[in-house]
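Novice: next one to model:
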Amino acid sequence: MSLNPILLMGGSGAISQHTARALRAVYPEVPLLIGGRDLAKAERAADQMGNARGVVIDATAPDLGLGDRQVSGVVVFYMDHALAALSYAQKRGVPHLSISSGVFEIAPEIASYIHRPDAAPIVLGYEWMVGATTVSTLNIVKAFGRVDDIKIGALVDEQDTGGPTVATDFEHLNRMLPAALTRREGIYVWREGEDSRTRFRAVDGTEIDANGFSSIDVVGLAAATGAPNVQFNMAIATSSTRRQNLPMSTEIIIEVAGDDLHGKPLRTRHAVVHPQGAAPLTGLSVAMILERLLGLDGQPPTSPGLYFPYQLLDATTYLERLEREGGELRELQQ
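Specialist: Below is the predicted model of the structure:
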C-alpha cells in the first residue's frame, strides 16, 4: 500500500529510533519524517533509520513549517504543551499519538477531541511504556471472574536514562506530581507523603523502595476491569539482571487478586521484562499502535475517536512480538 510518511516529532531520540527499528522489522518500506528543531541532527537520525528524511519543525506555525507536505500520522516524543501537533493532525485528519504527558495534562487534549470528535483518531499514549503494562495486565485478568486488586510496580534501572528528552520529561512529572492518583475501595484518591511510600518485590525477589506514581494506567485498568483497588508504584534502582552482573533491564511487576472464573480466590504475580531497557519496549508499543492506526496490519485504519493504547493493541500479537525482541511476560512466584 502507498503511504505518506509518518511524522516523528522529537524523532532523533532513543525511543523514536527504537520505534523506527520496530516498524522496519515488519514494514521496511514505511517512509518516515524525522522532525526536530535542529535539521542536521534530524538528518543524521534519518540517515540511520533509512527511508527517512529530516525536517525542521516550527511549533509556532499552523503547518508546523511543513507547508503542503503530506503525512499519514503524527507521533510526539516530548511534551507538546501547545498541542501544536494535535491541531496539525486534526486539521489533516491523520492519527495523533503523544506519549510524554502526565495524567494531569490530559484536559487540553480531551477538549480538542470533544470539539472535533470526527477529525482524527487520538491516542492518549501516557500509559507506562505506552501499553506494555495495560495490555499485559488485561491479558492476565482473563483468568479472573472478578478483580479486586491490581498493583503495578515499575522498576527503572538507574543506568536506563533513555536520553535527555526522557530525563527532562521525568523531571517535569516528578515536579508536577507530588501525589499519586490511586483507586481505593472504589474511590479515586491522591496518595502523598507517607501514604505514597511503599515497597514491591523485583523479579529476583529483592524488596525495592518505591513511591506512588500518577499513571493513567490506573484509570484505564479500573475502567476496563471494574477493580475497586488499583495503584501504580515506581522505583529507580538496580534492576534484577544487573544484580546478577548482567546488563540492565526494565521490569514491570503486575500483581492481581480476586476470584477465578469459578469463584475461588486467585492471586497472581507476573512481570513484563525487556532485557534492553525502557526505550525499546516503548518503541515496540508505539510501532504497533501505528500499525493499527494506519491499517498496516491489513485491517481497516482506525476510525476517529479517543483511545487508550490497550484499546488498539491485540494482546496475543503484542506478546508474540515482545518475545521475538527478547522480552517476555513472565509468571512469578507469590
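
Novice: now the helices for the stretch 201-334 of the chain?
Specialist: Assigned by DSSP state H, counting those that start in this stretch, the stretch 201-334 of the chain shows helices spanning 217-225, 240-243, 278-294, 315-324.

Novice: what's the single longest strand in the chain?
Specialist: strand 144-157 (DSSP state E).

Novice: tell me which strands that strand pairs with, and in which orientation.
Specialist: When pairing is defined by DSSP bridges, strand 144-157 lines up against strand 229-237 (parallel), strand 250-260 (antiparallel).

Novice: thinking again about what came up before, so which of the helices of the stretch 201-334 of the chain gets nearest Val256?
Specialist: For Val256, the closest of those is helix 217-225, at 8.7 Å, according to CB to CB. (Glycine included, C-beta is placed from N, CA and C.)

Novice: ok, and what's touching that closest one?
Specialist: 103, 127-128, 133-134, 137-138, 141, 147, 150, 152, 181-183, 188, 227-228, 230-232, 308, 310 (CB atoms under 8 Å, 6 or more residues apart in numbering).

Novice: now restrict those to buried residues only.
Specialist: 103, 127-128, 133-134, 137-138, 141, 147, 150, 152, 181-183, 227, 230-232, 308, 310 (16 or more other CB atoms under 10 Å).

Novice: any idea how far the closest residue in space to Ala287 that isn't next to it in sequence is from Val30?
Specialist: Distances taken as CB to CB, 6 or more residues apart in numbering place Ala22 nearest to Ala287, at 3.6 Å, with adjacent residues excluded. In this view, Ala22 and Val30 are 11 Å apart by CB to CB, to the nearest Å.

Novice: same deal with Gln70?
Specialist: 14 Å.

Novice: settle it for me: which of these two has more neighbours?
Specialist: Between Gln70 and Val30, Val30 has the larger neighbour count (other CB atoms under 10 Å), namely 21 against 10.

Novice: any idea of the pLDDT on that one?
Specialist: The model reports Val30 with a pLDDT of 94.

Novice: again, but for Gln159
Specialist: The model's pLDDT for Gln159 equals 87.

Novice: cool, and Ser2?
Specialist: Ser2 is given a pLDDT of 72.

Novice: please apply the same query to Ser98.
Specialist: 95.

Novice: name the nearest residue to it, ignoring sequence neighbours.
Specialist: Nearest non-adjacent residue to Ser98, counting by CB to CB, 6+ apart: Val76, 4.2 Å away.

Novice: please report how far the one you found lies from Val30.
Specialist: 18 Å.

Novice: next one: Phe213
Specialist: 33 Å.

Novice: what's the answer for Thr268, then?
Specialist: For Thr268, the distance to Val30 - CB to CB - is 37 Å.

Novice: next one: Ala85
Specialist: 19 Å.

Novice: ok, the residue sitting nearest the centre point of the chain to His18 distance?
Specialist: Residue closest to the average C-alpha location in the chain (CA atoms, centre = their mean): Val130, at 1.2 Å. Separation of Val130 from His18 (CB to CB): 11 Å.
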